[in-house]
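S.K.: give me the fold of what follows.
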Amino acid sequence: MNLIIVESPTKSRTIEKFLGKDYKVLSSYGHIRDLPKRELGVDVEHNFKPKYVIPTKARKAAAELKKAAKKAELIILGTDEDREGEAIAWHILQILDSNKVKHQRIAFHEITKRAIENALKNPREIDMNLVNAQQARRILDRLVGYELSPFLWKKVVKGLSAGRVQSVAVRLIVDREREIEKFKPEEYWSVEALLKQRTIKTDFLAKLVKENGKTIPKLGIKTKQEADKIVNDLKNAEYKVADIESKEVKKYPMPPFTTSILQQEAVKKFGFSAKQTMRLAQQLYEGGHITYHRTDSLNLSADTLKDAQKFIKNKIGPEYVLDMPRIYKTKSKSAQEAHEAIRPTKSNQEPAQIKQFLDQRQYKLYDLIWRRFIACQMPPARFDSTTINIQAKNYLLRAFGQILKFDGFLKIYPIKYQEADLPLLEKQELLKLIKLIPEQHFTKPPARYNEAALIKILEEYGIGRPSTYAPIISTIQDRGYVEKNEQKRFAPTEIGIIVIDLLKKNFSQIVSLKFTAYMENDLDDIAHGKQNWLEVLDRFYQPFHANLLQKYKEVEKKKLEEPTDKICPECNSPMVIKLGRFGKFYACSAFPECKHTEPIILSTGVKCPKCQKGEIIERKTKKGKVFYSCSKYPECKFALWDKPTGEKCSQCGSLLVQTKNNKIKCSNKECGYRK
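M.R.: Numbering: from 1, shown residues only. Okay, the predicted model is just below:
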């Protein structure tokens, strides 16, 4: 009997379907060994030797693998072909005593019969460069977390933690918040003319673009007075067509998905978090529907491209077939071209054909992946574009027109575009002015990051890697350093700002964008066998540790207490407001002798409609999401997601609430009343 070991039970079940009775497929349920939870687990005095243990949750799986391995003639390790997967395979071998068992390593990028059979024909050895890159990352993160976190406890507040990459992500959010705070809006104006042909009723807009032959920049017209002067100049002007330019414009399809682009698109289109997207993609991969979903490669195999062209010709139409397959090249230096982009395992497996086997969210994501892949092998959309320049005194106005001529890839992968029809005009033709439209604008501050924007900026700076974006975003929220507002954009918490300011001042490398990117490059070099992982660790740790010891002496503890007029009910000492991991709370000033604390309650002043005893107060979920519930909880479990206004619905008598978009509606879903 041959024993195949993978990291997921779903993956093991899918693979088992393709193989005969000579194979048994078991799962390790993820990592089988890790560093211990309650100690550093790294011997910094002896070449950073890690102390690996089998976690409690992995002990049952480990015992089953050991038992099955004793009966197996051959151990085949089929974990994912990335650093984590390679490390899992290596750790499995260590608990099975690799010197005594005959073993092979296989790799595949999709879970299909063809891919599994091909992998079994082409086994290889464990790639220790990948394993060491994973070990280096794990140990680096452990050293930073276990050495820097106690410093934060002592100098700021107990319970805080610091992460090597997570801290940089929080820094980006804090820096953006500071940009927004410093931003001063600038006024500017635009001027448009509504024009028409003298004999035809069809009108169109033309925008002022030049004065005296010079282009007017976006902020060129700064005040109403300047705009009014231009409008007065143009009121009695003669409007003449100066020239007309017509051309065909092509819009090309986007490349197939990499991990980060899939995460960004799923946020934009469906509101899925990065963590949710990765979980759904994992399920689709393990079910054999898509290729491996942790990739920064845009490569597509020759067979795949041939299958896509065949499907497009037969199902969409011969006019949508390319003369030659379109090849994409990734810009990422670290991308592994042996991997492929994320694509369906079968080009002809249309989403509707497998809808019955997927839940609603899995279906949405598969549909997105399938359409993006098919579209990338289709012709560009073609538009007839027209630009008309119109002279009026010493001013030039410009009108744009665009009409879709051939839909191309848009037939499969619709994206937003605007069509604008212009009347048929001739050069030197005189036009009639209907009205002039001056409009006031103000520059806007940079937007806070949503998940898509944060992933994009992390990728641009080379911070983390595709597989790490989802855990980074989850971790910085779980730690209470950032919160999502009603628009699902990230804002730093007060404690998040304090921690980042302290790190920037005292541990600048830890939150340096360039330094963190350099570390990622070092990890990539280890994976490619270009650097020694122990040397990389030593080069980082020695200066980091020396600086940490010095900062313990230099940095004073932050004073985060605010006095109040409240008295402690247990010892009659004054109460103060303290700042903790998850925000402010009341605490006795006699701490640690008295440990009494109370939450700070923000009341809406609205009486609970259910029990008629408590008030509706503002609360937060563990993830920081605001909701409103009765102050008598848990006796009364009345709760709302939207803030009550204090008014009652004129139709059903339920509470009216204010939505996140500042709309007023009835809290009773069956009523449907809106103001």
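
S.K.: buried stuff in the strand or helix carrying Trp153?
M.R.: Using DSSP states H and E, Trp153 maps to helix 128-155. For helix 128-155, the neighbour count (16 or more other Cβ atoms under 10 Å) marks 129-140, 142-152, 155 as buried. Placement of C-beta: from N, CA and C, glycine included.

S.K.: tell me the helix or strand right after that helix.
M.R.: helix 166-182.

S.K.: centre of the chain to that next one, how far?
M.R.: From the chain centre to the centre of helix 166-182 is a distance of 16 Å (Cα atoms, centre = their mean, to the nearest Å).

S.K.: same question for stretch 663-675.
M.R.: Centre-to-centre, stretch 663-675 and its host chain are 33 Å apart (Cα atoms, centre = their mean).

S.K.: repeat for stretch 557-573
M.R.: The chain centroid and the centroid of stretch 557-573 are separated by 40 Å, computed with Cα atoms, centre = their mean.

S.K.: residues touching stretch 9-26, excluding its own?
M.R.: Contacts to stretch 9-26, defined as Cβ atoms under 8 Å, 6 or more residues apart in numbering, come from residues 1-6, 27, 29, 64-65, 68, 72, 78, 111-113, 116-117, 283, 285-288.

S.K.: show me what the helix holding Trp153 is packed up against.
M.R.: With contacts taken as 3 or more Cβ pairs under 8 Å, 6 or more residues apart in numbering; DSSP states H and E, helix 128-155 sits against strand 42-43, strand 49-50, helix 83-95, helix 494-506, helix 513-527, helix 533-554.

S.K.: same thing but 7 Å
M.R.: The contact analysis (3 or more Cβ pairs under 7 Å, 6 or more residues apart in numbering; DSSP states H and E) places helix 128-155 against strand 42-43, helix 83-95, helix 513-527, helix 533-554.

S.K.: give the pairing partners of the next helix or strand after the last one; include direction for each.
M.R.: Read that as helix 533-554. Going down the chain from helix 533-554, the next helix or strand is strand 561-567, by DSSP H and E. Strand 561-567 pairs in its sheet with strand 574-580 (antiparallel), by DSSP bridges.

S.K.: got the CA positions of the next helix or strand after the strand it pairs with in PDB?
M.R.: Sequence order places strand 583-588 as the next helix or strand after strand 574-580, per DSSP H and E. C-alpha atoms of strand 583-588 as PDB (Å, rounded to 0.1, in the frame of the first residue of the first chain):
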ATOM      1  CA  GLY A 583     -10.200  51.000  23.600                       C
ATOM      2  CA  LYS A 584     -10.900  53.000  26.700                       C
ATOM      3  CA  PHE A 585     -12.500  51.700  30.000                       C
ATOM      4  CA  TYR A 586     -12.900  52.800  33.600                       C
ATOM      5  CA  ALA A 587     -10.400  51.400  36.100                       C
ATOM      6  CA  CYS A 588      -9.800  52.000  39.800                       C
END
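
S.K.: strand partners (parallel or antiparallel) of strand 583-588?
M.R.: Checking strand 583-588 against DSSP bridges gives partners strand 574-580 (antiparallel), strand 597-599 (antiparallel).

S.K.: Ile106 versus the residue in the chain sticking out farthest from the centre, what's the distance?
M.R.: Within the chain, the residue lying farthest from the chain centre (Cα atoms, centre = their mean) is Thr199, at 53.9 Å. Noted for Thr199: a distance of 76 Å to Ile106, by Cβ to Cβ, to the nearest Å.

S.K.: care to break this structure down by domain?
M.R.: Per automatic domain parsing, the domain ranges recorded for the chain read 2-126, 138-182+450-554, 187-252+381-442, 259-375, 561-599, 615-666.

S.K.: Glu117: neighbouring residues, count only.
M.R.: Number of residues near Glu117 (other Cβ atoms under 10 Å) recorded here: 12.

S.K.: find the nearest non-adjacent residue to it, please.
M.R.: Phe18 (7.3 Å; Cβ to Cβ, 6 or more residues apart in numbering).

S.K.: can you redo the domains of the chain as a markdown table with mean pLDDT and distance to Lys675?
M.R.: Compiled in a markdown table, the domains of the chain are given as follows (pLDDT from 0 to 100; distance: least, Cβ to Cβ, whole Å):
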| stretch | mean pLDDT | distance to Lys675 |
| --- | --- | --- |
| domain 2-126 | 93 | 48 |
| domain 138-182+450-554 | 93 | 19 |
| domain 187-252+381-442 | 95 | 28 |
| domain 259-375 | 92 | 26 |
| domain 561-599 | 89 | 32 |
| domain 615-666 | 87 | 4 |
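
S.K.: tabulate those domains (a markdown table), appending distance to Val606.
M.R.: As requested, these are exported to a markdown table (distance: least, Cβ to Cβ, whole Å):
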| stretch | distance to Val606 |
| --- | --- |
| domain 2-126 | 44 |
| domain 138-182+450-554 | 19 |
| domain 187-252+381-442 | 36 |
| domain 259-375 | 29 |
| domain 561-599 | 19 |
| domain 615-666 | 4 |
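
S.K.: where along the stretch 351-500 of the chain do the helices fall?
M.R.: Under the criterion DSSP state H, counting those that start in this stretch, the stretch 351-500 of the chain contains helices at 351-354, 360-375, 451-461, 469-478, 494-506.

S.K.: let me know which of those is the nearest to Asn668.
M.R.: Asn668 lies closest, by Cβ to Cβ, to one member of the helices of the stretch 351-500 of the chain: helix 360-375, at 26.1 Å.

S.K.: return the alpha-carbon coordinates of the closest one using PDB.
M.R.: As requested, the backbone C-alpha atoms of helix 360-375 are provided in PDB (Å, rounded to 0.1, in the frame of the first residue of the first chain):
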ATOM      1  CA  GLN A 360     -23.700  30.800  -3.400                       C
ATOM      2  CA  ARG A 361     -20.300  32.400  -2.500                       C
ATOM      3  CA  GLN A 362     -18.300  29.600  -4.000                       C
ATOM      4  CA  TYR A 363     -20.300  29.900  -7.200                       C
ATOM      5  CA  LYS A 364     -19.700  33.700  -7.300                       C
ATOM      6  CA  LEU A 365     -15.900  33.300  -7.000                       C
ATOM      7  CA  TYR A 366     -15.700  30.400  -9.500                       C
ATOM      8  CA  ASP A 367     -17.800  32.400 -12.000                       C
ATOM      9  CA  LEU A 368     -15.400  35.400 -11.500                       C
ATOM     10  CA  ILE A 369     -12.300  33.200 -12.000                       C
ATOM     11  CA  TRP A 370     -13.700  31.300 -15.000                       C
ATOM     12  CA  ARG A 371     -14.900  34.500 -16.800                       C
ATOM     13  CA  ARG A 372     -11.600  36.300 -16.200                       C
ATOM     14  CA  PHE A 373      -9.700  33.400 -17.600                       C
ATOM     15  CA  ILE A 374     -11.800  32.900 -20.700                       C
ATOM     16  CA  ALA A 375     -11.900  36.700 -21.300                       C
END
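
S.K.: just the CA coordinates of stretch 501-508, formatted as CSV?
M.R.: Output of stretch 501-508 as CSV, limited to C-alpha atoms (Å, rounded to 0.1, in the frame of the first residue of the first chain):
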residue,chain,number,x,y,z
ASP,A,501,4.5,56.2,16.9
LEU,A,502,6.6,54.4,19.5
LEU,A,503,7.9,51.9,16.9
LYS,A,504,8.7,54.6,14.4
LYS,A,505,10.7,56.5,16.9
ASN,A,506,12.6,53.6,18.6
PHE,A,507,12.5,50.6,16.1
SER,A,508,12.4,52.4,12.8
